[in-house]
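Novice: any chance you can model this:
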Amino acid sequence: MQIIPLLLKELEDEVTILRKFLVQVPTDKLNWRPHEKSMSMQMLAVHLAEIPAWVDMALTTTELDFAKTPYEPTPVKNTKELLDVLEESFKKGKTTLSNAREEDLLPNWTMRSGDQVFQVFTKYEVIRHALGQMIHHRAQLGVYFRLLEIAVPPSFGPTADVQMM
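Specialist: Next up is the predicted model:
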């Protein structure tokens with residue numbers, strides 16, 4: 001069994017669903033957050049849009065060290081720019097994964113901040129983690145939508161707002 005075609009299909013499927021969510025992000029609510037400890041809608045949506053590029057990062061590096069490379073979210077001013085970030089991120093991740101070999105999934109990859117190691121994954125596990133993050137944070141965005149009376153798009157089946165036939 002070849003793993004890369006399965007990962008490519010899953011990445012494509014998740015990005016297809018994610019687009020339905022990100023297109024719903026209202027520009028006038030980018031700074032909105034449901035709680036002071038929560039990310040703003042902009043931070044959450046940008047994070048989601050950037051995740052597909054983690055595939056490229058996983059396959060082309062051996063680690064992410066936040067002490068050396070602090071995270072700076074891509075600035076966006078509106079929904080169109082947010083969708084542009086997603087498309088670029090998806091293109092990058094999909095292209096790198098399409099060109100990878102099965103054995104490229106096996107080496108370890110480390111997430112750290114200086115000497116503090118958060119996680120050591122195989123590169124395959126980083127990709128699976130990224131897909132899980134997309135699902136997790138997409139659901140979080142769905143809660144934001146619900147609180148703002150924005151229709152929640154379907155992910156794997158109908159929602160209270162969108163019935164599928």
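Novice: okay, CA-based contacts and neighbour counts for the rest of this
Specialist: Noted.
Novice: excluding chain neighbours, what is closest to the spatially most central residue of the chain?
Specialist: The chain has Ile51 as the residue nearest its centroid, 2.9 Å off, counting by C-alpha atoms, centre = their mean. In space, and not counting its chain neighbours, Ile51 is closest to Ala130: 6.2 Å by C-alpha to C-alpha, 6 or more residues apart in numbering.
Novice: in this protein, which spans are strands?
Specialist: 63-65, 108-113, 116-122 (DSSP state E).
Novice: can I get those strands in JSON lines including mean pLDDT, distance to Leu44 and mean neighbour count?
Specialist: As requested, those are exported to JSON lines (pLDDT from 0 to 100; distance: least, C-alpha to C-alpha, whole Å; neighbours: other C-alpha atoms under 10 Å):
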{"stretch": "strand 63-65", "mean pLDDT": "96", "distance to Leu44": "20", "mean neighbour count": "18"}
{"stretch": "strand 108-113", "mean pLDDT": "97", "distance to Leu44": "20", "mean neighbour count": "18"}
{"stretch": "strand 116-122", "mean pLDDT": "97", "distance to Leu44": "21", "mean neighbour count": "14"}
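Novice: nearest approach to Val85 belongs to which of those strands?
Specialist: Closest approach to Val85 among the strands of the chain is made by strand 63-65 (20.4 Å; C-alpha to C-alpha).
Novice: can you name every helix or strand that that closest one contacts?
Specialist: In this structure, strand 63-65 packs against strand 108-113, with contacts taken as 3 or more C-alpha pairs under 8 Å, 6 or more residues apart in numbering; DSSP states H and E.
Novice: chain center to the strand it packs on, what's the gap?
Specialist: Computed by C-alpha atoms, centre = their mean, to the nearest Å, the separation of strand 108-113 from the middle of its chain amounts to 18 Å.
Novice: that one: partners in the sheet, and parallel or antiparallel?
Specialist: strand 63-65 (parallel), strand 116-122 (antiparallel) (DSSP bridges).
Novice: which stretch among the ones you listed comes nearest Glu12?
Specialist: By C-alpha to C-alpha (comparing all of the strands paired with strand 108-113), the closest turns out to be strand 116-122, at 21.2 Å.
Novice: give me the residues contacting that closest one.
Specialist: Leu105, Leu106, Pro107, Asn108, Trp109, Thr110, Met111, Arg112 (C-alpha atoms under 8 Å, 6 or more residues apart in numbering).
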